[in-house]
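In: Sequence below, structure please.
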Amino acid sequence: MTTLELVLALGADDQAERDAAVADLGSEILPVLIGQLQDPGSPVSEPVLLAVLRRMGMEAFEAVLGALHTSAAGEAPHRLLRAFAGFGAAALDGYFGALLLSEPILRRAAVTAISRWSSDVPVAARQVLPLLGDRDTKVRQAAVQAFASWGTSVVPLLQVVRVDGPGAARAGALEALAEIGGEAVISARDIAALERLARIEIAGDKPVPLSCCFLSWIAVPTGDQVGVMEMLGLSQPRPVPFSVGVYAADIDSHGGLDADPLDVYRRVFVTPELAGWTLVVGSWCDPSATERQNEVLEACERLSTRFGRAQAFWWSASQDGSAVLIAEDGVVLRRFGYFPGEDVQHLELGEPLAYEQQRRAALGLPTLAADRVDTQEEADEWTWELLDLAPNLAGALGLNPLSIDAATPTRGTGKLALTEYGRQLGAPPGALRR
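Out: Residues are numbered from 1 along each chain as shown. Okay, here's the model as predicted:
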């Protein structure tokens, strides 16, 4: 068999033919293997090629690395990168060496491989530590994520970096500490410095749309931010730039999938006054959540008793549905939810709002009534309206959070505050970004 024939035999249907090809492969086969790996149309599957290369050891590792060096800058083929990162613990010395390479994409791949394959965390952490200050943003972020994956065992090392350097790695070390444990592992000195930085950034702050994947909020027609927080039992408010508050609300809404499903309720973003409204943003405000629906209803009743009106909403940017709760003068006028394929009758309270009937009329649909069931065609038409009911109704009654921008009249400063869950469980870990 020729070299190419041997490689092609790796993709044969017959197991005996594949085994014979593997047995006959020698180092001279490497250039052909790599050529096949670079060819998305190769008849040999990528997993087979990767398995053979890995069995060939460091000679194959160096050959793959050489092929990556000859790739155009920033265009390293993904199949080659996956091969490079897949040689396992046996290639750790090679990965450590790759941390010094000039190509950012290779340094980043090496960091990812080290975090994946190294069982000696202290050694791996010391090797990766300088890349917390890498000149390339993506490499630096990969290093932060590597430290985050190692968890609390690397906290002492990161804390030392914050004090003693190296200076270039200090910012990355702080971000890694935030990812691992949040305020619980960050020094009081660093927290004070972050608060000073936040105050500087807030001086020129502008509001932005509340562009969360899963957006929950309570809206109150007042500029009394302190009064709203007191009535909701929120504590430890910290000033943050508006975009940081939005980021926190968004990232928090993706939690709750690990040990404690209540993690998503630890923290909320309380906006400054926006066109006469204060919004409290976070999953804790969801009027449809099983764990929170009664508490949110009662909170809106209390708020509306003092401020005249209070509203709570949930909305999915992926068209997973909407939920609304409208209270006036201490009474809930309407609670309603729509989630495709789910029975939400237990949520429904009150009569349809004037807005709902107006939208029905605008769409040419019959008036909503308890004794009437829509035809399939009518139900399909109304479904599209219901998917965006929350932001559209919020806009009709006061303020659509998706329409907020730099031109929205603003007074005051946004705050991140802890809920009762946050006081019990602590502030959520994770670095906050703009």
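In: wait, doesn't F336 sit right on W314?
Out: No. Taking contacts as CB atoms under 8 Å, F336 lies outside contact range of W314: 11.0 Å. In this view, the C-beta of every residue, glycine as well, is placed from N, C-alpha and C.
In: what is in contact with those two at once?
Out: Between them, F336 and W314 share these contacting residues under CB atoms under 8 Å, 6 or more residues apart in numbering: A323.
In: Which parts of the protein are strands?
Out: Ranges of strands in the chain, per DSSP state E, are 214-220, 235-239, 267-270, 273-274, 278-281, 309-316, 322-328, 331-338, 349-350, 410-411, 415-418.
In: Output the ones you listed in JSON lines; the columns should cover mean pLDDT.
Out: Shown next, in JSON lines, are the strands of the chain (pLDDT from 0 to 100):
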{"stretch": "strand 214-220", "mean pLDDT": "97"}
{"stretch": "strand 235-239", "mean pLDDT": "93"}
{"stretch": "strand 267-270", "mean pLDDT": "97"}
{"stretch": "strand 273-274", "mean pLDDT": "98"}
{"stretch": "strand 278-281", "mean pLDDT": "98"}
{"stretch": "strand 309-316", "mean pLDDT": "97"}
{"stretch": "strand 322-328", "mean pLDDT": "98"}
{"stretch": "strand 331-338", "mean pLDDT": "96"}
{"stretch": "strand 349-350", "mean pLDDT": "95"}
{"stretch": "strand 410-411", "mean pLDDT": "96"}
{"stretch": "strand 415-418", "mean pLDDT": "96"}
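In: Output these as TSV; include the columns mean neighbour count and distance to A169.
Out: As requested, the strands of the chain are exported to TSV (neighbours: other CB atoms under 10 Å; distance: least, CB to CB, whole Å):
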stretch	mean neighbour count	distance to A169
strand 214-220	26	34
strand 235-239	16	26
strand 267-270	26	28
strand 273-274	21	39
strand 278-281	27	34
strand 309-316	25	39
strand 322-328	25	45
strand 331-338	19	48
strand 349-350	14	55
strand 410-411	15	37
strand 415-418	22	27
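In: Which of those strands sits closest to A85?
Out: A85 lies closest, by CB to CB, to one member of those: strand 214-220, at 32.1 Å.
In: strand partners of that closest one, parallel vs antiparallel please.
Out: Strand pairing for strand 214-220, using DSSP bridges, gives strand 278-281 (antiparallel), strand 309-316 (antiparallel).
In: Tell me where the model's unsure across the protein.
Out: For the chain, applying pLDDT under 70 flags the ranges 1-28, 72-76, 255-259, 431, 433-434.
In: re the thing from before, export the strands paired with strand 214-220 to JSON lines and append columns for distance to E378.
Out: Shown next, in JSON lines, are the strands paired with strand 214-220 (distance: least, CB to CB, whole Å):
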{"stretch": "strand 278-281", "distance to E378": "33"}
{"stretch": "strand 309-316", "distance to E378": "23"}
